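# what's the 3D shape of this:
(one chain, ligands or ions: 2)
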Amino acid sequence: MSDLSAVLAAKVALRADLLARRRALDPAARATAALAVAQAVAALIQTRRPTTVAAYVPVGNEPGGPDLPQALLTACMDGTATLLLPVLRDDLDLDWARWSGEPLARASRGLRQPTGPLLGRHAIGHADLIITPALAADRVGHRLGRGGGSYDRALIRARPGVPIVALLHDGELLDRAPAEAHDRRVTAAVTPATGLVRLDGALGDDASLALG
Ligand SMILES: Nc1nc2c(c(=O)[nH]1)N(C=O)[C@@H](CNc1ccc(C(=O)N[C@@H](CCC(=O)O)C(=O)O)cc1)CN2
Ligand SMILES: Nc1ncnc2c1ncn2[C@@H]1O[C@H](COP(=O)(O)OP(=O)(O)OP(=O)(O)O)[C@@H](O)[C@H]1O
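Ligands and ions are numbered 1, 2, ... in the order given. Modelled structure (predicted):
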């Protein structure tokens, strides 16, 4: 097997394992974990006082839970920051819309999305704090997503040096995760047990990895 197909196979196996573990989470523990993650991200917004936050709407068993956008909006409104949420394009790239609390619309893949005017793929470049979904991340910031490559594309447009924070369940911050050249790294993770963890294994390697 070539190195590349070994990495792809490792990603497929790890995704299946992580999704199965998420399905097995006890609902009460999941709700407690969601609250801990949402509170840690809200606290990060209150400390850093960003002007624009790009976040996401958790679906299914994803960390942060379904009420994450409202918790982040409340934290943003304290400091009058703008909250952007993703709108999945047909090509799996991400567009963005501002969200101020209006009802979210049901979309493909179980997603819930904002319905306001689309701001374009480059709107993520205005964010000074980016919150991403992930199935896992490792200590140097490699992020494993669902496999569409949406965030690999979107994060290329992030402003250099902006904190990029992946939200995880306990046990999803790994020592090492399989990674390919196109994988965009995150600079930090939040888990229910640890709160914010800086992933600085590649500091000095790329200024965009700094948590700031
Ligand atoms: N909440 C969230 N939004 C996101 C992502 C994500 O991973 N999570 N994405 C990351 O790139 C993009 C969308 N890509 C996605 C790819 C696959 C599935 C998916 O497998 N959905 C399940 C249903 C959800 C569940 O219950 O877990 C499905 O279709 O069976 C969802 C989103 C942009 N927005
Ligand atoms: N910059 C890019 N432009 C176009 N396609 C890309 C880019 N980056 C990654 N891809 C494609 O996306 C696919 C999935 O990549 P990968 O397995 O890293 O997704 P992921 O990060 O787990 O998913 P997601 O970001 O959607 O959560 C790959 O086939 C890859 O070729």
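# who in this protein is up against ligand 1?
56-60, 62, 86, 88, 94, 109-111, 133, 145-146, 148, 150-151 (C-beta under 6 Å from any ligand atom). (Each C-beta comes from the backbone N, C-alpha and C, glycine too.)
# give me the most central residue, the chain.
Central residue of the chain (C-alpha atoms, centre = their mean): T132, 1.1 Å from the mean position.
# hang on, that one is in a strand, isn't it?
Yes. Assigned with DSSP: H, G, I helix; E, B strand; the rest coil, T132 falls within a strand.
# that one reaches V186, doesn't it?
Yes. Contact criterion C-beta atoms under 8 Å: T132 and V186 qualify, at 6.2 Å.
# low-scoring stretches of the chain, by residue?
Within the chain, the ranges that satisfy pLDDT under 70 run 1, 201-212.
# and if we set it to 80?
1-2, 79, 200-212 (pLDDT under 80).
# now L118. Nearest residue, chain neighbours left out?
Setting aside the residues directly before and after it, L118 is nearest to D95 in space (C-beta to C-beta, 6 or more residues apart in numbering), at 4.8 Å.
# what segments of this protein are helices?
3-23, 27-48, 68-78, 150-155 (DSSP state H).
# just those helices: most buried one?
With neighbours defined as mean count of other C-beta atoms under 10 Å, these peak in mean count at helix 150-155, which reaches a mean of 20.
# near ligand 2 at all, that helix?
Yes. Using C-beta under 6 Å from any ligand atom, helix 150-155 comes into contact with ligand 2 via 150-153.
# for the chain, what lies in contact range of ligand 2?
So the chain meets ligand 2 at 11, 144-153, 156, 180, 182-183 (C-beta under 6 Å from any ligand atom).
# give me the longest strand you can find in this structure.
strand 82-88 (DSSP state E).
# and the angle for that one with helix 27-48?
130 degrees (axes from the mean of the first three to the mean of the last three C-alpha atoms, to 10 degrees).
# other residues contacting strand 82-88?
51-57, 69, 72-73, 76, 94-100, 104, 107-109, 111, 113-114, 118-119, 123-124, 126-127, 150, 154 (C-beta atoms under 8 Å, 6 or more residues apart in numbering).
# list the residues that contact the nearest residue to V7 once chain neighbours are set aside.
Distances taken as C-beta to C-beta, 6+ apart place P178 nearest to V7, at 4.8 Å, with adjacent residues excluded. Residues in contact with P178 (C-beta under 8 Å, 6+ apart) are 7, 10-11, 14, 142, 144.
# pick the one among those closest to D200.
Using C-beta to C-beta, H142 is the member of the contacts of P178 that lies nearest D200, at 13.0 Å.
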